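[1] Pasted the sequence and its predicted model underneath.
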Amino acid sequence: MRIAVTGAGGHLGQEMLLTLAQAGADFVPVGRQIPNDLRADVVFHLAAPDHKDGQACTDFTYFNEDLVNWAEKHSARVINAGTWWQHAGPDAKSLFYTRTKAAQQRMFEDHTTLVLYSVYGDPVRDDRGFIPQLLQHLTGKKSLSGASSQPRDFVHTRDVCDAFLAALWAPVGIYDVGTRLALSPRQLLRVFSDDDVPNYIDQPQAICHWPNQRLPRWSALTAVTTHIAENC
């Protein structure tokens, strides 16, 4: 089985390439276009646009259309990455990015979609992602500018990669990929520190819940509190 990986340059994509390499899998990264000579049995579709860039979202729709056509032509299976913002309330659902991702899910309705929650990893990415920023704060490298009170389901990149591997053997469907435990950034801060930081107001407002089925033969192994405790 050969696996193509879109979004291979992103923080999740890089972790996926490492996971596949460690598993001895046959894989190929895919850039911003589908190569004419691409050959694969399955595609891990991890690519996503900048959620603040409208043109990037539009271009991403064209990329999805190309991938759908390629998959149909080559009888390949796609395991698609969805977003929990699609069912997180009206503020989140109204964003152009969320509507783009919802349209993406519809395009791949004959394939499998893994609805990803708040994915975090180890690298710090230009002040993106609360967990790496919290670890910097706790280790004295950089102070937090704020912490939100809005609950999130934090799921580690390693667990997400394992979910894509598990999806290879699951029936076609839509599955939630999260821990099913919602904790706010402020709650996590209070577990590990008495420091008082300003309240960060999340935009959009998003309500965390899990409307889709569980992925067979998979569960999240990394608890976010354990990850923080082991790294601070």
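    That came through, no problem.

[2] Could I get the average pLDDT for stretch 14-32?
    For stretch 14-32, the mean pLDDT works out to 96.

[3] Stretch 165-172 too?
    Average pLDDT, stretch 165-172: 97.

[4] Now the terminal residues of it, how far apart.
    With C-alpha to C-alpha, to the nearest Å as the measure, stretch 165-172 spans 14 Å from end to end.

[5] Give the buried residues for it.
    Residues of stretch 165-172 classed as buried by neighbour count (16 or more other C-beta atoms under 10 Å): 165-167, 170. No exception for glycine: its C-beta is placed from N, CA and C like everyone else's.

[6] With stretch 194-206 instead?
    Buried positions in stretch 194-206, judged by neighbour count with 16+ other C-beta under 10 Å: 197, 200, 204, 206.

[7] Leaving aside the residues adjacent along the chain, what's closest to the third one?
    When you say that, I think you mean Pro204. Asp91 (3.5 Å; C-beta to C-beta, 6 or more residues apart in numbering).

[8] what about the strand or helix carrying the one you found, average pLDDT?
    Secondary structure assigned from DSSP states H and E places Asp91 in helix 90-93. Mean pLDDT, helix 90-93: 93.

[9] While we're on the residue in the chain sticking out farthest from the centre, how confident is the model there?
    Here the centre of the chain is the reference, and by C-alpha atoms, centre = their mean the most remote residue is Asp194, at 30.2 Å. If you check Asp194, the pLDDT there is 95.

[10] Let me know the secondary structure of it.
    Recorded secondary structure, Asp194: coil (DSSP: H, G, I helix; E, B strand; the rest coil).

[11] Now do the longest helix anywhere in the chain: which elements does it pack against?
    Ranked by residue count and defined by DSSP state H, the top helix of the chain is helix 54-74. The contact analysis (3 or more C-beta pairs under 8 Å, 6 or more residues apart in numbering; DSSP states H and E) places helix 54-74 against strand 42-45, strand 77-83, helix 96-107.

[12] Would you format those as JSON lines with mean neighbour count included?
    Conversion of those to JSON lines gives the following (neighbours: other C-beta atoms under 10 Å):
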{"stretch": "strand 42-45", "mean neighbour count": "26"}
{"stretch": "strand 77-83", "mean neighbour count": "23"}
{"stretch": "helix 96-107", "mean neighbour count": "18"}
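
[13] Out of those, flag the one nearest Leu189.
    Of all the helices and strands packed on helix 54-74, it is strand 77-83 that lies closest to Leu189, at 24.7 Å by C-beta to C-beta.

[14] Poorly predicted segments of the chain, please.
    The model of the chain has pLDDT under 70 over residues 125-127.

[15] for this protein, what spans make up the helices?
    Going by DSSP H, the chain shows helices at 11-22, 54-74, 90-93, 96-107, 130-138, 157-167, 185-192, 224-231.
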